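Visitor: got a sequence here, can you build the structure:
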Amino acid sequence: MFITCADSRIQPAAITGAEPGSLFELRTAGNVIPAFSPHSVAGEVATIEFAVVQLRVAEIVVCGHSHCGAVNALHAGAPALDHLPAMLRWLATHAPFRTGTPTEGLRTEGMEHVLAQVRALEDYPFVRDRITAGDLRVHGWFYDIESGDVSAFAADRFQPL
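Guide: Next up, the predicted model:
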């Protein structure tokens, strides 16, 4: 399974070299994974549940990217989204707004955002159960749009694949 941003510059099959039809994809604004709730009616939760429980995917990649508009909005704050009320509600509900001056290309912030989404995913009981059983692995990746480089989180830092 490949969870990524809705941004059209992210091409999961091109990034992974996967054949058509071999990746189960979920795209959300800012690759945001909503917090798990047993009473959730979110399509994202249903899609993840289907992939993990029914399809029994063995690997999930959560992939963020540089120059992410959602990550930028999280740092610019709510006023930057006044003209996008649905986006404002989505981010305010599922991702915390942050303070501080963003780095060039939002690389550091984007990587931190990926890790927050991985943690949210690992809180899903059916994901946690499969990880504990040793039959599911979750990965955090970061795609740099300018260079095309992909980094994976391992050993407490993002490293080139």
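Visitor: how much space separates the spatially most central residue of the chain from His113?
Guide: Among the residues of the chain, the one closest to the centroid is Asn31, at 3.6 Å (C-alpha atoms, centre = their mean). According to C-beta to C-beta, to the nearest Å, Asn31 and His113 sit 8 Å apart. Every C-beta, even on glycine, is put in place using the N, C-alpha and C of the backbone.
Visitor: with Ala92 instead?
Guide: Taking C-beta to C-beta, one finds Ala92 at 15 Å from His113.
Visitor: out of the two, which sits in the more crowded spot?
Guide: Taking other C-beta atoms under 10 Å, Ala92 and His113 do not tie; His113 has more neighbours (28 against 13).
Visitor: so who does that one touch?
Guide: Contacts for His113 (C-beta atoms under 8 Å, 6 or more residues apart in numbering) come out as 30-31, 64, 68, 70-71, 74, 95.
Visitor: how much space separates it from Ala70?
Guide: Distance of His113 to Ala70, computed by C-beta to C-beta: 8 Å.
Visitor: just Trp141 next, same as before
Guide: Counting by C-beta to C-beta, the gap from Trp141 to Ala70 is 16 Å.
Visitor: what's the answer for Val114, then?
Guide: 12 Å.
Visitor: sorry, back to before: nearest to Ala58 among the contacts of His113?
Guide: Distance to Ala58, by C-beta to C-beta, is smallest for Asn31 among those, at 20.2 Å.
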